[in-house]
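Asker: With the input below, show me the fold.
(5 chains, ligands or ions: 4)
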Amino acid sequence: MLEMQNCNVFYGKAQALHDVSIIVGDGEIVSLIGRNGAGKSTLLKAIMGLNPIKSGTRKFEGRDVTNATTEMLGRSGIAFVPEDRRIFATLSVDENLRIATVMGRKGPWNLERVYNLFPRLKERMNSRGDTLSGGEQQMLAVGRGLLTNPKLLLLDEPTEGLAPLVVADLIKAMELINAEGVAILLVEQNLKVPLKLAKRQYLIDNGHIRWSGKTDELLAEREKIEALISL
Amino acid sequence: DDPDAFKIGAVLPFSGPYGIIGKGMKQGAQLAIEMRGGTVLGKPVEVTWEDSETKPQPAVQKATRLISSGAQMIFGAASSASTAALQGITEQRKIPLLVTISADDKITRANGYRYTFRTSNTLGMEIRMAMEYTKAAGLKKIYAVGADYAVTRDGLEAYSAAAKEAGVEIIGVDYAPLGNRDYSVIIDKIAKTDADGVVLIVTGSDGVTFLKQAGQAGLGKTKTLFGPVLQDEVLAAAVGPDSIGAASGVRYHYSFDNPANKAFVEAYRAKYNEWPDSFAGEAFDGMSWFLDVVDSTNSWNREDWIKAFEGSVRENSVEGRKEMRACDHQALQVGLWGVVEKGEAPYPDLKMKITNVFQPDVLFPECAE
Amino acid sequence: MNAQRLLALLVAIIISVPLLFPDGQSVSLVNAILIWSIFAIGFDLVFGVAGMLSFGHAAFFGVGAYTLSLLTMRMGWDFIPSLGAAGVVGGAVALLFSYFAIRVSGLFFALLTLALSQLIYIMAGTKLRMLTGGVDGIAGVPRPDLFGIDFYDDGNYYFFLLALFILALLISGLIRISPLGQALKAIKSNEVRAEQIGFNVQRLQRSVFTISGIYAGISGGLLASLIFYVGPQMLHWSTSGDIVIMVLLGGMGTLFGPILGVAIFEIMREWLSTQTSHWYGILGLVFIICTIGMPKGIAGLVTQLWDRITPGGKS
Amino acid sequence: MSGAEQAKHVLRCEDIEVSYGAFKAVTNVSYEFKPGLLYGLIGPNGAGKTTLMNALSGRAQLSNGRVFLNEQEITKQPPHARTWAGLGRSFQITQIFSEMTVFENLRLAAQAHHFRLQPFWRPVGKFREIANDAERVLQEIGLESFGHISAGSLSHGDQRALEIGLALLSEPQVLLLDEPLAGVGHDVAEKAVELIRRVSQGRTVLLIEHNMDVVMEISDEIIVMLAGEILASGEAETIKSDPRVRTAYLGEEE
Amino acid sequence: MSTIVIGLSMGMLLFLLAAGLTLIFGMLRVINFAHGSLYMLGAYLAFQVVNVTGIFWAGLIAAPIIAAVVGALMERIALRPVYNRDHVYQLLLTFGFILVIDEAVRILWGLEYKQMYPPELLSGAIEMFGSSVPSYRLFIIGFGAAVSAALFFMLDRSRYGMIIRAASGDPEMVRTLGINVSLVRTGVFSFGAGLAALGGAAAGPLFPIELGMGFNIIIDSFIVVIIGGLGNIRGAVMAALLIGMTRALGYSYAPSWVDFLTFILLIGTLILRPEGLFSRKGRTA
Ligand SMILES: Nc1ncnc2c1ncn2[C@@H]1O[C@H](COP(=O)(O)OP(=O)(O)OP(=O)(O)O)[C@@H](O)[C@H]1O
Ligand SMILES: Nc1ncnc2c1ncn2[C@@H]1O[C@H](COP(=O)(O)OP(=O)(O)OP(=O)(O)O)[C@@H](O)[C@H]1O
Ligand SMILES: [Mg+2]
Ligand SMILES: [Mg+2]
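Answerer: Ligands and ions are numbered 1, 2, ... in the order given. Take a look at the predicted model:
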């Protein structure tokens, strides 16, 4: 589904990603873990075309899309849920969701289903985006991502600020959408979630991929790996 | 102390919306110099043109520069504010300032500015013309509209006082902000009165706006619209046919019948292929006069020029006889009054017809503070 | 630090031109630059440091000019106390404005200050004409009369202005690195956080607005005496616009940038306008190109170039 | 109020109500916070936790009710005055000075705390205590190697750490922390919990957090909000077993 | 009574002047100081087209179209590189536009005033409440109402409006949804420029067409936009009518205080409703 190869990304002169390669297979949930400032968000943004890739390639569904713009990637089926939520402040909750459907990709997600997943959003339907509480904004960001009916979902700390009950619902929802064939690349600080959901893990530190492998292997080798990336 | 050229510093608006004034004045003054062979006191005349931007600060700054590079006189400034600012510096540096357009009465006041000379009209004389016209046209009830600033307020007050004396009734007065954008409410108000005349003490675009909007409401059909500086051919063209019948003081007009004017108009048309507007005519007249005076002194001492200019009489100006009053350096002259009418080629589509010529004795009061 | 010194050097060169070429032309130009620079330095405290876009500074500038003119011409005050009064009145009007305007922020602040200053403009031009001379203003504003020096000579007046300019620059430099300056930067960056760590946002904003009003009042008084004239044009919002443009052109938020902006603006006005009557259009093109090509104004460009030619040095 | 009662609580709110249009984000909340205790504030998303904190710190307008700090009414006081009176806070949605370096961020907070009217002719760099305090907190939040980096280019988690640092520097008597651990990495989180525990010594802390392990572990008392009102409050064990809390917030398995 | 009709027409005219500004302001967060110049350009273009074709309506349609092309070019060439910068730099940029456009108009059309008249159909006046109200004024009322309704539906009710509003806050995020933001931006700016020119063309028969005509309307337009709330079409209409009425009443009782009143109205509004009369505020923490 997605294949990033030897990607190098810079902020000004500072290099944030070094020769990073990762693969997300069809219908797979993969997670990316690492400590603060390791480069996780940078990588997600690079995949989405929000950070320019200085060298390296990006392939999506077998096609080379290294030079594709963000909107082309969005249209071809990648959705991005950013860590800082980035709700459209002046749009209502409902509009924040509907705008994701403008490009009209077909799929199982529609407004109703998102409202069912997050009933709280339905209650706040007509409120402006920037009046929501932190957790409500997080739900909205996830809902907006889902509504584009993506083939690949990039989730950057989607459970941040969510109440435990909602987290549980979200995990169930992720399992479900994965079952519907959507691949997920997940970044999480709360390690319980990726360890539960993802079959494969990438460990990133200081802009380098230090380790990758199955979740069971990670659990087995935990100590060694913790030393490696000082988790 | 014989410099190799007679240097004139001209500070006029060239950029922005007032560029049209600068253009006319430049063309008129250039022709004045050309028609005298380009020399004065036996030396070539050299003019440096500077853009005043119609703002006081650049005007003064540029005048300062011109003076320090040897200008013998300063010519210009269009807006009264810039002229007032230039008067400060020319008095300071003892350099003659020739004014041919600003009309504010304060520019030439008794025992005021020693180095300033104005050869053109004052607003005061134009207001008096408007009063004379009111009487001549037999208007009995007048509605007055003025721009809300000092000069026009004073003018309108003077007009009202004169009206009282002449038995003309002022049935309403409105002051609208300068640069006003919409007169429709005032026009509507006036239409509902039984005034037979509307005096408009506004200038430039304000007059255009009023006449355009009055035309659409049909105000001109029942009331005579007139004002001291309401219309000239440039402004009439901006209003269009609705300006026909509007009466106004005229600073200068190419149709004025005298040999000097005929010669000027001919030369002007030959050179620029257009009719001289009032900016050009007044600039031509002032510049010619001033240089003639300088020549007559045969001296490079500026004080001599000042003395010679005071009381100088010019019998053959393009507007007839002019006399530079010694007490306030204001040129006494006739006043022209005209009405907008349809023109035929070679004249513009809308032209001013001179209907009255008022004599200086009714237009200029005694020289007083 | 190096680039900073380079900028200081540039400024020093510009303002010392009259010392090197003491002819009347450059002196009058530099005098205007010095006066507008005082205005710009003060304005940037509000605009560049505190991040408040004011479109009302023309009011303080003009009110200062009128104060000086009226006190010297009508009340017979000496020049120096009148100049002081110009500063005080400029500051007082600024303080008064701030009570209305600081309640709102961003563009609303810009528009509110503009509206307040336009009120003063309208008053000065029409309703207060007995005092202000209306639209035609007041001509004949005097210059100082000190130590028997003839300040009507631009060359001598230059030294008077230079002294005030240096003083203004020093004070502004101190304010920038002082606790007050730092607090203002914090407010500009994040008002919510600044308030929460305990800065009295409104009071700090009011203080800097008043200080910059004093700068504006003094420079307005000086300009009136430079051109012997004061008129309502100085109060018009386009004067506020001019100062914003100059500061942006030079580099907002820097100590020397605004001065460079003023210098470039005035030099262009003097030089370009003698070259062509289409100079407004060319100036416009220059502004457009500067905005696109110089994200941080002239000061930013100089710093950037300096850093490039001296790769070792840190800025 | 008698002297004996005064010592019992530092912060007290009475019948607080915050409404936005017809919507009441907080209603009917009265609570007394005792000195030296750590309070955990939990509740579903949108329950009004942050709004309550806003009401206490002066960021939200009260449509009803009063707030007292040390028995002084502070209901009408603006946020900065409350900070001076000893009420500091962190924000759920990060509020830092993005254009400034991390060190400058902290120095500003220290500056605001130390001097209210510093002489303006002395460069701020010359005040020793300010720099020392900033330096100390920089270490505490583990950003010592980022001191000269502009705060806006920190990663999300590091920004969250800075957010805590800024709140700490005002050395408040009452510290309000709004989800300080959200987004903070696993390793740092442990340190941060330690930090919170340490700073809570001798002061009152109100902590909003969705990480139940942490809340249950370090809180002396837990307050549960639901739909703008206080649903329950008490010790961790009682709260955990409260069925209303389980259905509304915690969920069944734990 | 006729004062009310005139006030209505003044208000609608103000709205037409300000519509393009509020669009660009609200949607792109761009402070377009060159709005007045585009307005002037519109008037000159309309004059030119009417002069050649002799048909008023041709001018009213062609001027906005040409100005929209100019606007698109301005956006592509100059505005695009500065979106990510502090908004105040747009002041310098659009101030540059003012000078360039004004100069271009001066070169193309010279210094003289130009004129335009209402079309034959609308050149008369209609007797109404004892006054004769020019038919063109009545047309302005209807036309303004139509434009405002169209804009309202476009911005507040259609998906384009939603996208535009979203992009004004966070263009990158809109991009991730697969939407081409730069196209949207060019479209909005160009549309706003066209609206400015439409205002100019519609105002042509009422005011002198001259260099500098744009300068005078800028402040008026800003007042409408701010009182109405940034980018709020309904608010802009209300604000324009409010100012129009205030002015009309002012002219009938105390004309010399009209400007004063307008600013007092503005200051009062901003003090009572700091974010404009018709806008809502988000939370800060
Ligand atoms: N300025 C405002 N305007 C309108 N509604 C608001 C405003 N601020 C908050 N609200 C609403 O009040 C409710 C409570 O918000 P609050 O931020 O206090 O929730 P919270 O308990 O902190 O939730 P979370 O755990 O998600 O942070 C939310 O539904 C929110 O939408
Ligand atoms: N806009 C930026 N400019 C400069 N440097 C940046 C920028 N954004 C991130 N960085 C730097 O890049 C590195 C990686 O940051 P990134 O946001 O990818 O971390 P992360 O792994 O997502 O961390 P977190 O868990 O805290 O979100 C960090 O050192 C950070 O300081
Ligand atoms: Mg991250
Ligand atoms: Mg919250």
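
Asker: alpha carbons only for contacts and neighbour counts from here, please
Answerer: Noted.

Asker: Near ligand 2, which residues of chain A are found?
Answerer: Residues of chain A found near ligand 2 (Cα under 6 Å from any ligand atom) are A:11, A:16, A:35-42.

Asker: Produce a PyMOL select command limited to the buried residues of the residues you listed.
Answerer: A single PyMOL command is used to select the members of the residues of chain A next to ligand 2 judged buried by 16 or more other Cα atoms under 10 Å in any protein chain shown:
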select buried, chain A and resi 16+35+36+37+38+39+40+41+42
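
Asker: Pull the most distant pair out of the residues of chain A next to ligand 2.
Answerer: Pairwise distances across the residues of chain A next to ligand 2 (Cα to Cα) peak at 18.7 Å, for the pair A:11 and A:35.

Asker: In helices only, show me the residues of chain A next to ligand 2.
Answerer: If you go by DSSP state H, those have A:40-42 in helices.

Asker: ok, and the closest non-adjacent residue to the most centrally placed residue in chain D?
Answerer: What sits nearest the mean C-alpha location of chain D, by Cα atoms, centre = their mean, is residue D:176, with 1.8 Å. Using Cα to Cα, 6 or more residues apart in numbering or on different chains and skipping residues adjacent in sequence, the residue nearest residue D:176 is residue D:89, 4.4 Å away.

Asker: What are the phi and psi values at the one you found?
Answerer: phi -150, psi 160 (degrees, to the nearest 10).

Asker: Please look at it and residue C:196 and confirm they touch.
Answerer: Yes. With contacts counted by Cα atoms under 8 Å, residue D:89 reaches residue C:196, the gap being 7.3 Å.

Asker: more crowded one of these two?
Answerer: Applying other Cα atoms under 10 Å in any protein chain shown to residue D:89 and residue C:196 shows that residue C:196 carries more neighbours, namely 31 against 28.

Asker: so where does residue E:189 fall, helix or strand?
Answerer: In this structure, residue E:189 sits in helix E:181-203 according to DSSP states H and E.

Asker: for residue B:198, same thing?
Answerer: Here residue B:198 sits within strand B:197-201, counting by DSSP H and E.

Asker: residues in contact with that strand?
Answerer: Contact with strand B:197-201 is made by B:139-147, B:152, B:155-156, B:207, B:223-230, as judged by Cα atoms under 8 Å, 6 or more residues apart in numbering or on different chains.

Asker: Okay, and which of those map to strands?
Answerer: Among the contacts of strand B:197-201, the residues falling in strands (DSSP state E) are B:141-147, B:224-227.

Asker: In JSON lines: those, plus distance to residue B:25 and neighbour count.
Answerer: Listed next are the ones in strands among the contacts of strand B:197-201 as JSON lines, based on distance: Cα to Cα, whole Å; neighbours: other Cα atoms under 10 Å in any protein chain shown:
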{"residue": "B:141", "distance to residue B:25": "38", "neighbour count": "21"}
{"residue": "B:142", "distance to residue B:25": "35", "neighbour count": "26"}
{"residue": "B:143", "distance to residue B:25": "34", "neighbour count": "21"}
{"residue": "B:144", "distance to residue B:25": "31", "neighbour count": "23"}
{"residue": "B:145", "distance to residue B:25": "29", "neighbour count": "25"}
{"residue": "B:146", "distance to residue B:25": "27", "neighbour count": "26"}
{"residue": "B:147", "distance to residue B:25": "25", "neighbour count": "25"}
{"residue": "B:224", "distance to residue B:25": "31", "neighbour count": "19"}
{"residue": "B:225", "distance to residue B:25": "28", "neighbour count": "26"}
{"residue": "B:226", "distance to residue B:25": "26", "neighbour count": "25"}
{"residue": "B:227", "distance to residue B:25": "23", "neighbour count": "28"}
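
Asker: For the stretch 1-150 of chain E, just list every one of the strands.
Answerer: E:125-128, E:131-134 (DSSP state E, counting those that start in this stretch).

Asker: So stretch C:221-232, near chain B or not?
Answerer: Yes. Counting by Cα under 8 Å from any Cα of the partner chain, chain B is contacted by stretch C:221-232 at C:227-231.

Asker: Quick one, which of those residues are buried?
Answerer: Neighbour-count burial (16+ other Cα under 10 Å) applied to these gives C:227-231.

Asker: So which of the residues you listed belong to strands?
Answerer: Under the assignment DSSP E, these contribute C:229-230 to strands.

Asker: out of the buried ones among the residues of stretch C:221-232 next to chain B, which one sits closest to residue A:178?
Answerer: Of all those, residue A:178 sits closest to residue C:231, with 73.8 Å by Cα to Cα.

Asker: is it true that that closest one touches residue C:141?
Answerer: No. Counting by Cα under 8 Å, residue C:141 is not a contact partner of residue C:231; they are 10.9 Å apart.

Asker: So for the helix or strand that the helix holding residue E:189 is followed by, mean pLDDT?
Answerer: Using DSSP H and E, the next helix or strand after helix E:181-203 towards the C-terminus is helix E:213-228. With pLDDT averaged residue by residue, helix E:213-228 scores 84.

Asker: remind me, longest helix of the chain?
Answerer: As the question left the chain open, I've gone with chain A. Assigned via DSSP H, chain A shows its longest helix as helix A:164-179.

Asker: look at chain E instead
Answerer: Secondary structure assigned by DSSP H gives helix E:2-28 as the longest helix of chain E.

Asker: State the helix or strand in which residue E:261 lies.
Answerer: Per DSSP H and E: residue E:261 is located in helix E:258-272.

Asker: Give me the contact status of that helix with chain C.
Answerer: Yes. Using Cα under 8 Å from any Cα, helix E:258-272 comes into contact with chain C via E:259-260, E:263, E:266-267, E:270-271.

Asker: residue of the stretch 151-254 of chain D with the smallest distance to ligand 2?
Answerer: Nearest residue of the stretch 151-254 of chain D to ligand 2: residue D:157, at 3.1 Å (Cα to the nearest ligand atom).

Asker: Need the pLDDT of that residue.
Answerer: For residue D:157, the model assigns a pLDDT of 85.

Asker: where along the chain do the strands fall?
Answerer: I went with chain A, as the question did not name one. With DSSP E as the criterion, chain A has strands at A:2-11, A:14-24, A:29-33, A:53-60, A:63-64, A:78-81, A:152-156, A:183-187, A:200-205, A:208-214.

Asker: Not quite, go with chain C.
Answerer: Along chain C, counting by DSSP E, strands occupy C:138-139, C:145-146, C:149-150, C:229-230.

Asker: Surely residue D:67 is in a helix?
Answerer: No. Using DSSP: H, G, I helix; E, B strand; the rest coil, the assignment for residue D:67 is strand, not a helix.
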